[in-house]
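Chemist: here is the input, now give the coordinates:
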Amino acid sequence: MGEYALIPKMSLWALLPLVVYIIMVFKQRPINAVLAGIAVGVILTGQSPAMFAKMLSKSLGTFLGLIGLIIMMGSGLGAVMTKAGVSQTIVNWIVNFIGVNTKSKAIIAVIVTSVVICGLLGTMAGGLAIIAPIIIPVVASIGITPSTVGAIMQSAGETGLIWGPFTPPVVALLAVTKLSYARMMLYSALPFGIIWLIIIYYVAKKVQRDTESWDKYDEMYTANVSKFVPSAVQVRATLVFVAVFILAIAYGLITKQKTGFVPLVMLVLAFATGFAGKMSMNDILSDFTKGMAKMVEMFLLFILLEPLINLVQVGGGFEALSQILMKFIAAGGKAMLLIVGSFVGAFGVEGAAVAQIKITHELFLPAIKAMNLPMEMWAIGLIAASRITTSVYPTANMVGVMGIAGSKNLKAMLFAGWEVSLAALAYICVWAYFGEALL
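Modeler: The predicted structure follows:
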């Protein structure tokens, strides 16, 4: 605390910067919200310019700074994959393997391609933008509506982001929980994602029945779109990418690599894929850096988010909140803690997924330590915090997916989002009471 702090140590007032951020992020760009929160935190805790500068410089070496770098490098890798035709080739293989000749198979094709590509690229908007030009003409010819495609892409893309081993939400989740990828998947991500995919399959069928009489793709999406056929070079680049990707995962699991291993993997994947796709060194670096440049604002967001959280910690905000929460959840024990944490994270914290994970984790960490809640149980609460918010509110993320899918049916998006989210939360309530016995 600074000499001119306006609040006492360990005060609920210390949560005000976080409250400002959460409220503003619903209507403002995240970077604006975090700057406003920091300004409030600096004033409340009496930080001098030198004190805050030291706090800011330290954030470059924190895990949020590393996650910001990973997000940028993931965007760079995605640019190289797209240039080499890898992403498009994978979509083509999936569609041909499924054999899209019925509406049910078309729905499955959209689900699988969305999960795989978003999981590989680590970005939903970027992944779905690559999928759309290839998959939409195929499913549109079967009669699948834009409303159905949009609803599927939202939930399936979100699932891909919690399954991909190098996606930012997964890397952040592993960093805060200290779990291995295998244990995180087994106890948290797989159950959560499987529930979402099963529910979205049947929801998509309902949306299709309700909209097929009036909602159709126009010529803008279907006319003059030639069937993508990968070249020999693109096939080779894809095979190299898949091989190196699998080897990297295997090596990481066997040697128990941590978050710092991910940037190296992304560089190796970019060069291996680019060279296999007959790209020159200059072309690879050019596309990689251009892809990274698209995520500079996100990198800056995470650099600033660390000081925001530190300002709350300096004022003892998390500890003060934990003391109040403990009074309410003590009777329900670990199960109630997990349920409350999941619902608060899912409905009360908005922003970038990594930020949601970090903020929700810090909010409940004192109570988690006090009650000794296993991280294998808590991890699914953090997944709910990072994925459900964008599915139950009409956020920019949801509207972006609608645009990519060519849908104008916000009602269908919200219906699908609430259905999958409520099913997942119901599972979490059951898991909260019986999960520890299965660990």
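
Chemist: only C-alpha atoms for contact and neighbour calcs from this point on.
Modeler: Fine.

Chemist: buried ones in whichever helix in the chain runs longest?
Modeler: Identified as the longest helix of the chain according to DSSP state H is helix 410-434. Within helix 410-434, the residues that count as buried by 16 or more other CA atoms under 10 Å are 410, 412-421, 424-425, 428-429, 431-433.

Chemist: same question for stretch 174-185.
Modeler: Judged by neighbour count using 16+ other CA under 10 Å, the buried positions of stretch 174-185 are L174, A175, V176, T177, L179, S180, Y181, R183, M184, M185.

Chemist: contacts made by that stretch with the rest, please.
Modeler: Under the contact criterion CA atoms under 8 Å, 6 or more residues apart in numbering, stretch 174-185 has outside partners F63, W163, P165, L253, K256, K258, T259, K358, H361, M375, E376, A379.

Chemist: run the last query once more with 6 Å
Modeler: Contact partners of stretch 174-185, identified using CA atoms under 6 Å, 6 or more residues apart in numbering, comprise M375.

Chemist: likewise for stretch 247-257?
Modeler: So stretch 247-257 is contacted by nothing (CA under 6 Å, 6+ apart).

Chemist: model confidence over that stretch, on average?
Modeler: The average pLDDT within stretch 247-257 is 87.

Chemist: buried ones in the helix or strand containing N96, by neighbour count?
Modeler: Assigned by DSSP states H and E, N96 belongs to helix 86-98. Applying a neighbour-count criterion of 16+ other CA under 10 Å, one finds V86, S87, Q88, T89, I90, V91, N92, I94, V95 buried in helix 86-98.

Chemist: next secondary structure after that helix?
Modeler: As assigned by DSSP H and E, the chain's next helix or strand after helix 86-98 is helix 103-121.

Chemist: list the buried ones in that following helix?
Modeler: Within helix 103-121, the residues that qualify as buried are 103, 105-121, counting by 16+ other CA under 10 Å.

Chemist: quick one, the next helix or strand after it and helix 103-121 angle?
Modeler: For helix 103-121, the following helix or strand on the C-terminal side (DSSP H and E) is helix 124-140. Counting by axes from the mean of the first three to the mean of the last three CA atoms, to 10 degrees, helix 124-140 lies at 160 degrees to helix 103-121.

Chemist: I'd like the distance from the next helix-or-strand element following helix 124-140 to the chain centre, please.
Modeler: Proceeding N to C from helix 124-140, the next assigned helix or strand is helix 146-163, under DSSP H and E. Centroid separation for helix 146-163 versus its chain: 12 Å, with CA atoms, centre = their mean, to the nearest Å.

Chemist: can you give me the buried ones in helix 146-163?
Modeler: Buried residues in helix 146-163, defined by neighbour count with 16+ other CA under 10 Å: 146-163.

Chemist: again, but for stretch 401-412
Modeler: Using 16+ other CA under 10 Å as the burial criterion, the residues of stretch 401-412 that qualify are V401, M402, I404, A405, G406, S407, N409, L410, A412.

Chemist: where does the prediction get shaky in the stretch 101-250 of the chain?
Modeler: For the stretch 101-250 of the chain, the stretches flagged by pLDDT under 70 are 220-226.

Chemist: rerun that using 90 as the cut-off
Modeler: Scanning the stretch 101-250 of the chain for pLDDT under 90 picks out 121-127, 129-134, 136-138, 141, 166, 168, 175, 217-229, 249.

Chemist: list phi and psi for Y217.
Modeler: phi -70, psi 140 (degrees, to the nearest 10).

Chemist: so Q28, which state does it fall into?
Modeler: Look at Q28: counting by DSSP: H, G, I helix; E, B strand; the rest coil, its state is coil.

Chemist: can you check G341 too?
Modeler: Following three-state DSSP, G341 is assigned to helix.

Chemist: kindly provide the distance from the residue lying closest to it once chain neighbours are set aside to A424.
Modeler: In space, and not counting its chain neighbours, G341 is closest to G381: 6.3 Å by CA to CA, 6 or more residues apart in numbering. Here G381 is placed at a distance of 10 Å from A424 (CA to CA, to the nearest Å).

Chemist: and V262, by the same measure?
Modeler: 29 Å.

Chemist: would you format the buried residues of helix 86-98 as CSV with distance to I31 and pLDDT included?
Modeler: Formatted as CSV, the buried residues of helix 86-98 follow (distance: CA to CA, whole Å; pLDDT from 0 to 100):
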residue, distance to I31, pLDDT
V86, 32, 92
S87, 30, 88
Q88, 32, 89
T89, 35, 93
I90, 34, 93
V91, 34, 90
N92, 37, 90
I94, 37, 93
V95, 38, 89
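
Chemist: and for the most far-flung residue of the chain relative to its centre, nearest residue in space, chain neighbours not counted?
Modeler: In the chain, counting by CA atoms, centre = their mean, E3 sits farthest out from the average C-alpha position, at 39.4 Å. Sequence neighbours aside, G46 is the residue nearest to E3 in space, at 6.1 Å (criterion: CA to CA, 6+ apart).

Chemist: quick one: pLDDT of the one you found?
Modeler: Reported pLDDT for G46: 89.

Chemist: and for it, the neighbour number?
Modeler: The tally of other residues near G46 (other CA atoms under 10 Å) stands at 19.

Chemist: again with G435
Modeler: 16.

Chemist: just the helices in the stretch 301-439 of the chain please.
Modeler: Counting by DSSP state H, counting those that start in this stretch, the stretch 301-439 of the chain has helices at residues 317-329, 333-348, 353-371, 375-387, 389-392, 396-405, 410-434.

Chemist: those helices into TSV, with extra columns for distance to L269 and mean pLDDT?
Modeler: Below are the helices of the stretch 301-439 of the chain laid out as TSV (distance: least, CA to CA, whole Å; pLDDT from 0 to 100):
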stretch	distance to L269	mean pLDDT
helix 317-329	40	79
helix 333-348	33	88
helix 353-371	23	87
helix 375-387	27	93
helix 389-392	30	87
helix 396-405	27	86
helix 410-434	33	95
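
Chemist: please identify which of these is closest to I135.
Modeler: helix 396-405 (9.9 Å; CA to CA).

Chemist: ok, residues contacting that closest one?
Modeler: V149, G150.

Chemist: try 8 Å this time
Modeler: 125, 128-129, 132, 136, 146-147, 149-150, 153-154, 390-391, 408-410, 413.

Chemist: ends of stretch 252-267, what's the gap?
Modeler: 15 Å.

Chemist: quick one, what contacts the residue nearest to A276 when sequence neighbours are not counted?
Modeler: Excluding its sequence neighbours, the residue lying closest to A276 (CA to CA, 6+ apart) is A237, at 4.7 Å. Going by CA under 8 Å, 6+ apart, A237 touches A84, G85, V86, T273, G274, F275, A276, G277.

Chemist: try 7 Å
Modeler: A237 is in contact with A84, V86, T273, A276, G277, counting by CA atoms under 7 Å, 6 or more residues apart in numbering.

Chemist: try D210
Modeler: Contacts for D210 (CA under 7 Å, 6+ apart) come out as none.
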